[in-house]
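[1] generate a structure from the sequence data that follows.
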Amino acid sequence: MIYLKLFISFLKVGLFSFGGAYSAIPLIRDEVLSKGWMTDEMLSNIIAVSESTPGPIMVNLATYIGSTQAGFLGSLIATFAVVLPAFLIILLIMVLLKKLVNNKVFQAILNGLKPCIIGIILAIGLYFVYQNCFGKVDSFSFSLPALLITIGLAIIYFGSRKFIKKGISPIILIAISAVVGIVVFGLI
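    This is a model prediction of the structure:
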């Protein structure tokens with residue numbers, strides 16, 4: 001019976017939590033407290049742990065609460081129930097998109113969105129470069145090491161395209177920047 005209660009409770013959470021994981025916390029709280037599964041203090045501790053562990057908070061909460069109530073199978077059921085609505089919605093969207101992919105109007109919309117998305121990504125990238133090298137917009141503070149690292153990474157990225165057909169992997173570039181950042185900013 002606990003398995004059915006877990007499934008229904010977390011299916012409701014998955015269905016009615018719009019706006020992200022933080023909007024699901026009141027729903028989870030209501031379900032957990034009304035069923036007497038936990039105290040408010042225990043739930044607060046679980047929320048804190050769920051926020052600090054990798055993965056979506058809703059899934060972490062469902063897994064932990066399911067585990068405390070019905071062991072491993074309970075954690076599987078609660079986790080499955082909380083992600084099921086989103087999974088089904090994405091499947092529905094994929095079916096609709098598959099039908100729309102050859103539609104000329106839909107293709108025109110996508111082609112119109114591509115430059116906008118590229119512009120947004122470029123703008124946020126330039127904003128971060130500016131903020132790291134020259135400080136915030138309202139307060140100027142020049143950082144020569146950050147500027148040199150940025151220039152060096154740009155040279156590595158664009159220079160690698162001459163030697164490697166596809167260029168350097170973004171993951172390798174992130175690893176290089178992390179090591180350089182630790183060396184430069186860890187020693188200063």
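[2] surely residue 25 is in contact with residue 50?
    No: using Cβ atoms under 8 Å, residue 25 is not in contact with residue 50, being 9.3 Å away. For glycine as for every other residue, the C-beta is placed from the backbone atoms N, C-alpha and C.
[3] shared neighbours, these two?
    Overlap of the contact sets of residue 25 and residue 50 (by Cβ atoms under 8 Å, 6 or more residues apart in numbering) consists of 57, 61.
[4] for the longest helix anywhere in the chain, name the packing helices and strands.
    Of all segments of type helix in the chain, defined using DSSP state H, the longest is helix 57-100. Secondary-structure packing of helix 57-100 (3 or more Cβ pairs under 8 Å, 6 or more residues apart in numbering; DSSP states H and E): helix 2-16, helix 21-35, helix 40-52.
[5] what angle sits between that helix and helix 2-16?
    60 degrees (axes from the mean of the first three to the mean of the last three Cα atoms, to 10 degrees).
[6] against residue 149, how distant is residue 178?
    11 Å (Cβ to Cβ, to the nearest Å).
[7] these two - which one has more neighbours?
    residue 149 (20 against 10; other Cβ atoms under 10 Å).
[8] ok, now how distant is that one from residue 87?
    Distance from residue 149 to residue 87, by Cβ to Cβ: 41 Å.
[9] try residue 32
    Counting by Cβ to Cβ - residue 32 and residue 87 are separated by 23 Å.
[10] tell me which of those two has more neighbours.
    Per other Cβ under 10 Å, whichever of residue 32 and residue 87 has more neighbours is residue 32, with 22 against 11.
[11] residues contacting the nearest residue to the more buried one once chain neighbours are set aside?
    Sequence neighbours aside, residue 38 is the residue nearest to residue 32 in space, at 5.1 Å (criterion: Cβ to Cβ, 6 or more residues apart in numbering). Residues in contact with residue 38 (Cβ under 8 Å, 6+ apart) are 32, 46, 65, 68.
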